[in-house]
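Chemist: Okay, sequence plus prediction incoming.
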Amino acid sequence: MTDFPRPAPTGDHAVYWDWLRRGELRLQRCASCGTWRFHPRPRCPACRSAEHAWEPVSGQAEVASWTVCYPPVLPAFQERAPYNAVVVQLAEGPFMVSNVLDVANEDLQVGMKVELELVRIDDDLTLPQWRKHTLPVFAHSAGYRTRIEHTPAPRPGRGRAS
């Protein structure tokens, strides 16, 4: 994929792409009010503070909107067309534009739960992509995914009476 479009990051955007290259999706989080933000920027949109940290996100999201891209498209994407372009809302709140992998375009739905998959294009470029959420739940921990068994606890007042 020699003609694959490349980001040309500067400033805070360079930090975002560097974390992806290291195998983690991290976003800025305001140190003053705790607001998550994406796209990276110098000031918090909620409180205008310049103080922030790059924190890992859970890797869980929900499809908020989507479309299908048909030719003509950029040469790097011709073999994939038609392909989806989705807006996902991360569990932490911010929205991102990406793709959902391995789901037929006609099966996409607003509200579909998805989980992060980092796709390495080459040594210099890793993209955050998404897959339909499946159990067991996956948790994001310090740059890698950890399988955890998920058994919901019974909720009071629900289920069979003894």
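Modeler: Nice, I can see it.
Chemist: For residue 117, give me its contacts.
Modeler: 101, 128-131 (Cβ atoms under 8 Å, 6 or more residues apart in numbering). In short, each C-beta sits where N, CA and C put it, glycine included.
Chemist: What is the subsequent helix or strand relative to the helix or strand harbouring it?
Modeler: Using DSSP states H and E, residue 117 sits within strand 113-122. Note on strand 113-122: by DSSP H and E, the next helix or strand toward the C-terminus is strand 125-132.
Chemist: for this structure, which spans come out with low pLDDT?
Modeler: 1-2, 135-162 (pLDDT under 70).
Chemist: Okay, strands next: where are they in it?
Modeler: For the chain, strands defined by DSSP state E occupy the ranges 26-30, 36-37, 52-56, 60-69, 83-90, 95-98, 100-101, 113-122, 125-132, 138-141, 144-147.
Chemist: Can you add distance to residue 20 and give these back as JSON lines?
Modeler: Output for the strands of the chain, formatted as JSON lines (distance: least, Cβ to Cβ, whole Å):
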{"stretch": "strand 26-30", "distance to residue 20": "8"}
{"stretch": "strand 36-37", "distance to residue 20": "16"}
{"stretch": "strand 52-56", "distance to residue 20": "11"}
{"stretch": "strand 60-69", "distance to residue 20": "15"}
{"stretch": "strand 83-90", "distance to residue 20": "14"}
{"stretch": "strand 95-98", "distance to residue 20": "12"}
{"stretch": "strand 100-101", "distance to residue 20": "16"}
{"stretch": "strand 113-122", "distance to residue 20": "7"}
{"stretch": "strand 125-132", "distance to residue 20": "4"}
{"stretch": "strand 138-141", "distance to residue 20": "13"}
{"stretch": "strand 144-147", "distance to residue 20": "14"}
